[in-house]
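In: for reference, the sequence and a predicted model appear below.
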Amino acid sequence: MNVMQLVILGVGAALVLLLAGAALTGPSSGREATRRLQAVRFRHSDSADDKVEAQYRKAVANRKPTSFKKAGSGSRIEALALRLHKTGKGWTLTQYLYTSLGLFLGLTVLVFLKTGALLLGLAAGLLVGAGLPHFFVGRAINKRKTNFVAKFPDALELLVRGLRSGLPITETIGVVAAELPGPIGEEFKLVTDRMKVGRSLDESLQETANRLDMAEFSFFCITLAIQRETGGNLAETLANLAEVLRKRAQMKLKIAAMSSESKASAYIVGSLPFIVFALIYSINPAYLGQFFVDERLIIAGLGGLTWLGIGAWIMAQMVNFEI
């Protein structure tokens, strides 16, 4: 048995152990008991904070029907179509698949002609063909989400001004859709279109919240649900929510500024081996050509890539803060 077969057997055994651990690990009984105790305390407490928390939980439970299904959870094709829709670029599923296939075939042929290694060409083509379009789609989604979050407090303040002037919430949502450009106007326009065809406000907002999967818009939907359960001044509630979202955005910017040096170091350290490898290979291909044919060097390269990936993941988690 050669070294490559031993490595394959080791990887297979590790995957089997991970799958067995995931299958045998069940839900935590301690967390379930704590949740039940909290529910009992909220129901029978005389504290105003506990009563508000109980109303909040009740409103959230009422927002989701029993047949609730997360958007994009039906199939891979549905999830991919949802990702393309989140970009706001109008990209179709056919365009995405043709682009991925073209990159895969083009890079596979190029690497095979340069090195003569078919497996390496297939691996590189699969990596770029599947990863590059996915990266650009994710980047477009993040950019649209950033624009949405930056303008969402302004949309809430416009809602507040409309409510204080005497307009109902449905009319103010239409005003936001007409006045604000970009993703804010597009999403609120979809909400108003659903209401025009007979959907309720709760259903229209819930569908948008499920598709966007953003905490800020979920806060807005929950705020409206709580206001219907408890009553009160909706304009004042939305004004407070706009202030909270602005402070949340400011905290994200502070964290991004404080972690920018660490991110730059991670990018440099992570990209340096690939840059050096490409430069040396362009100058003297025969010096590094054995990496593509020698099993020992292939295993060493795969091990280096594995540890490099683990280090990049650890550095990413060190600068990833939940707000």
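Out: That came through fine.

In: got a list of what the nearest residue to I298 once chain neighbours are set aside touches?
Out: Closest residue to I298 apart from its sequence neighbours, by CB to CB, 6 or more residues apart in numbering: F291 at 6.8 Å. (C-beta placed from N, C-alpha, C; glycine too.) The neighbours of F291, taking CB atoms under 8 Å, 6 or more residues apart in numbering as the test, are L297, I298, G301.

In: L101 against G129, yeah?
Out: Yes: look at L101 against G129 with CB atoms under 8 Å: they come within range, at 6.8 Å.

In: more neighbours: the two, which one.
Out: G129 (20 against 12; other CB atoms under 10 Å).

In: from A117, how far off is D294?
Out: Distance of D294 to A117, computed by CB to CB, to the nearest Å: 11 Å.

In: cool, E295 as well?
Out: Relative to A117, and taking CB to CB, E295 is found at 13 Å.

In: quick one: which of those two has more around it?
Out: The residue with more neighbours, out of E295 and A117, is A117; 17 against 11, by other CB under 10 Å.

In: for the more buried one, phi and psi?
Out: phi -100, psi 110 (degrees, to the nearest 10).

In: got a list of what the closest residue in space to it that isn't next to it in sequence touches?
Out: Leaving aside its sequence neighbours, A117 sits nearest to F292 (CB to CB, 6+ apart; 4.5 Å). F292 makes contact with T115, A117, L120, I298, according to CB under 8 Å, 6+ apart.

In: inside helices: which ones of these?
Out: T115, L120, I298 (DSSP state H).

In: how about those residues in JSON lines, adding pLDDT?
Out: Shown next, in JSON lines, are the ones in helices among the contacts of F292 (pLDDT from 0 to 100):
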{"residue": "T115", "pLDDT": "72"}
{"residue": "L120", "pLDDT": "73"}
{"residue": "I298", "pLDDT": "77"}
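
In: which one of those residues is nearest to D213?
Out: Comparing these against D213 with CB to CB picks out L120 as the nearest, at 37.4 Å.

In: for that closest one, which non-adjacent residue is spatially closest?
Out: With CB to CB, 6+ apart as the criterion, L120 has its nearest non-adjacent residue at 5.3 Å, and that residue is F292.

In: just how off-centre is stretch 295-303 within its chain?
Out: On the basis of CA atoms, centre = their mean, to the nearest Å, stretch 295-303 sits 33 Å off its chain's mean C-alpha point.

In: go ahead and confirm F219 touches L245.
Out: Yes: between F219 and L245 there is a contact at 7.2 Å, judged by CB under 8 Å.

In: what touches both of those two?
Out: Joint contacts of F219 and L245 (CB under 8 Å, 6+ apart) do not exist.

In: just the element for G232, please.
Out: Remark: G232 resides in no helix or strand, with elements defined by DSSP states H and E.

In: residue ranges with poor pLDDT in the stretch 1-150 of the chain?
Out: 1-74 (pLDDT under 70).

In: now do the helices in it.
Out: 3-24, 29-44, 48-63, 76-87, 93-115, 118-164 (DSSP state H, counting those that start in this stretch).

In: list the buried residues for the helix or strand harbouring P273?
Out: For P273, the element it lies in under DSSP H and E is helix 260-283. Residues of helix 260-283 classed as buried: A266, Y281 (neighbour count, 16 or more other CB atoms under 10 Å).

In: quick revisit: I'd like the ones in helices among the contacts of F292 laid out as a markdown table, including distance to L253 and neighbour count.
Out: Below are the ones in helices among the contacts of F292 laid out as a markdown table (distance: CB to CB, whole Å; neighbours: other CB atoms under 10 Å):
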| residue | distance to L253 | neighbour count |
| --- | --- | --- |
| T115 | 45 | 17 |
| L120 | 43 | 18 |
| I298 | 44 | 19 |
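
In: wait, which of the residues you listed is closest to L105?
Out: Nearest member of the ones in helices among the contacts of F292 to L105, counting by CB to CB, is L120, at 15.1 Å.

In: touching, the closest one and L110? I think so.
Out: No: if you go by CB under 8 Å, L120 and L110 don't touch, sitting 11.2 Å apart.

In: quick one: Q250 and V175, what's the gap?
Out: 27 Å.

In: the more surrounded of these two?
Out: The residue with more neighbours, out of Q250 and V175, is V175; 18 against 10, by other CB under 10 Å.

In: so who does the more buried one touch?
Out: Contacts of V175 (CB under 8 Å, 6+ apart): L158, G162, L167.

In: just the residues you listed now: which is nearest G309?
Out: L158 (45.1 Å).

In: what about the closest residue to that closest one other than its chain neighbours, how many neighbours?
Out: In space, and not counting its chain neighbours, L158 is closest to V176: 5.4 Å by CB to CB, 6+ apart. Using other CB under 10 Å, the number of residues around V176 comes to 22.

In: equivalent analysis for V109, please.
Out: 12.

In: residues in contact with it?
Out: G121.

In: perfect, I'm done here.
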